[in-house]
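*Asks:* model this:
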Amino acid sequence: MATTEISAPQGISLANRMPAKRELERKFLVKRLPEGLSQTTPISILTVYVKVGKDGSEERVRKEGGKFVKTLKAPLKSQLGPGALRSEDEEEIDEAKFHRGLREANGRTIEKSRYVLYQNERKIELDIFSGKLKGLVTVEVEFANEDEYRAFRPLSWFGPEVTNDSRYKGRRLAVEGLPQDEKLQKLMRKPKQQITCGFDEGLQKAVALIDSKRFSSGSKCVVVAVAGPSASGKGFWVKRLEWPFCERVTSISLDMFYRPDETRTNFDEKGAINLKLAASLIRDLKAGEPILIPSYGFDNKNPKNWEPRYPREFVIVEGLHALSSPIIELADVKIFLETGIWDQIVRRILRDMKERPTFTPAGALKYFLGTALPMQRKYVDPTKKNADIIVSTSYNPHIEASKAEHFDNQIKYRLQGITEAKIIAAGALRIGEFRQTDEYINPPEPTSSKRERNSG
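*Replies:* Here you go, the predicted structure:
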């Protein structure tokens, strides 16, 4: 390719420099963030446009992580369009020179997080802008020659191409802000769509949405609120949600924030939980401050111990009222777990028998029908409309029955034509007798039933 003379902004000298690198690239808007982005560590970039030439050339300084770089760029003529080919002359500088350029730039700056991805061996740079350009997401692909440039096919998550649209050049973004472009506005005003799915799919959708919020918001901490009625499986589902994020996540149960009250009998009313205190501490955690949360339990209704929680990239808050004010105002991702009443009854009895020794099966059922269910319909069910994702968590007897502490294996069959005398004559020993009354409760769609037995 023939050498082209570089045009520099007024006052910029390119004398005595090495030949500039040629940059051949295509730029696109982004329809959606690619899956697995959380596995890539972003580079924080602050770009400062010190001088801008009328011919499209520029002098800029940039902070990339802990490195400082000065770059001279100028457009080169190309049959591919005015934005495809540029010269690039780059050198490392010290921090003092960067700050000098920052003072001279008069506010011509761009803040963004850059994710370097690869398709086979091709480098792809995804930029998520923040500050005055928040909401803009672009992707750039660089090519070695024009044949590669023309042959490239955009990936499925790429949006409209803006390579030759000068409004998306960094120097104009720094001066003019977000372009008044219908393509961009359409991507930014996507209507909210509530997703409804099953347990495993819900986990996948939640992880993808959390990743998306982490990168699109530019926030150092994403708060995930998980709500749902009593015995909808919130605790178990949250533990599964934590797995992909490992040590980068911390979880908080709103159950820890019950107001101390030894006489409390209604644990499901909204006022029983100090949501104001919970929101204050979550806000501190989101701001990067470590916190202490009360250690509450049914055997410790006046907690003296406090548990530490430390800032992480992701904070999961779960509880009956996690999608209610004031918690929902802090949430970036909102998830609601729904399940049937019958599933709740089975889980409540299994749980209460294990965790609340004063409860009997009849007492657990009475509390659920008389207290928990009315509170659910008043406070919890209305928050379902606030969710981004609704997850169905139906009772799975093959898994959840293992939570029962006592098992009774029986073989039953009807005896016909066999008297008690014949059984004793065969060697059986009569040790006593008892009578029992079984009451069965069948759900509307009877795939299983609940039996309550009184024996005597």
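
*Asks:* any weak-confidence spans in this structure?
*Replies:* Applying pLDDT under 70 to the chain flags the ranges 1-20, 38-39, 189-193, 215-218, 296-304, 356-357, 395-415, 434, 437-456.

*Asks:* Show me how it divides into domains.
*Replies:* As assigned by automatic domain parsing, the chain contains the domains 21-187, 195-403, 420-455.

*Asks:* Include mean neighbour count when you put those domains into CSV, please.
*Replies:* C-beta: built from backbone N, CA, C; applies to glycine. Formatted as CSV, these follow (neighbours: other Cβ atoms under 10 Å):
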stretch, mean neighbour count
domain 21-187, 16
domain 195-403, 17
domain 420-455, 9
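
*Asks:* and the gap between Val61 and Val223?
*Replies:* Separation of Val61 from Val223 (Cβ to Cβ, to the nearest Å) stands at 35 Å.

*Asks:* show me the contacts for Ser253.
*Replies:* Gly235, Glu318, Gly319 (Cβ atoms under 8 Å, 6 or more residues apart in numbering).

*Asks:* The same query, at a cut-off of 6 Å, please.
*Replies:* Glu318 (Cβ atoms under 6 Å, 6 or more residues apart in numbering).

*Asks:* what are the phi and psi angles of it?
*Replies:* Dihedral pair for Ser253: phi -100, psi 130, per degrees, to the nearest 10.

*Asks:* repeat for Gly370
*Replies:* Torsion angles at Gly370 (phi, psi; degrees, to the nearest 10) stand at phi -90, psi -20.

*Asks:* Ok, Leu187 next?
*Replies:* The phi/psi pair for Leu187 (degrees, to the nearest 10) reads phi -70, psi -30.

*Asks:* list the contacts for it?
*Replies:* Leu187 neighbours (Cβ under 6 Å, 6+ apart): Leu29, Gly159.

*Asks:* ok, it to Val137 distance?
*Replies:* 8 Å.

*Asks:* now Phe143
*Replies:* Counting by Cβ to Cβ, the gap from Phe143 to Val137 is 21 Å.

*Asks:* cool, and Arg214?
*Replies:* On the measure of Cβ to Cβ, Arg214 and Val137 end up 13 Å apart.

*Asks:* Equivalent analysis for Ile293, please.
*Replies:* In terms of Cβ to Cβ, Ile293 sits 35 Å off from Val137.

*Asks:* Lys73 now?
*Replies:* Taking Cβ to Cβ, one finds Lys73 at 22 Å from Val137.

*Asks:* which stretches of the stretch 1-150 of the chain form strands?
*Replies:* In the stretch 1-150 of the chain, the strands defined using DSSP state E, counting those that start in this stretch lie at 21-30, 43-52, 58-64, 67-75, 85-92, 109-119, 122-129, 137-142.

*Asks:* Would you format these as JSON lines with distance to Cys246 included?
*Replies:* JSON lines is the format used below for those (distance: least, Cβ to Cβ, whole Å):
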{"stretch": "strand 21-30", "distance to Cys246": "27"}
{"stretch": "strand 43-52", "distance to Cys246": "22"}
{"stretch": "strand 58-64", "distance to Cys246": "27"}
{"stretch": "strand 67-75", "distance to Cys246": "28"}
{"stretch": "strand 85-92", "distance to Cys246": "35"}
{"stretch": "strand 109-119", "distance to Cys246": "19"}
{"stretch": "strand 122-129", "distance to Cys246": "23"}
{"stretch": "strand 137-142", "distance to Cys246": "26"}
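
*Asks:* which residue ends up closest to the midpoint of this structure in space?
*Replies:* Central residue of the chain (Cα atoms, centre = their mean): Ile210, 2.0 Å from the mean position.
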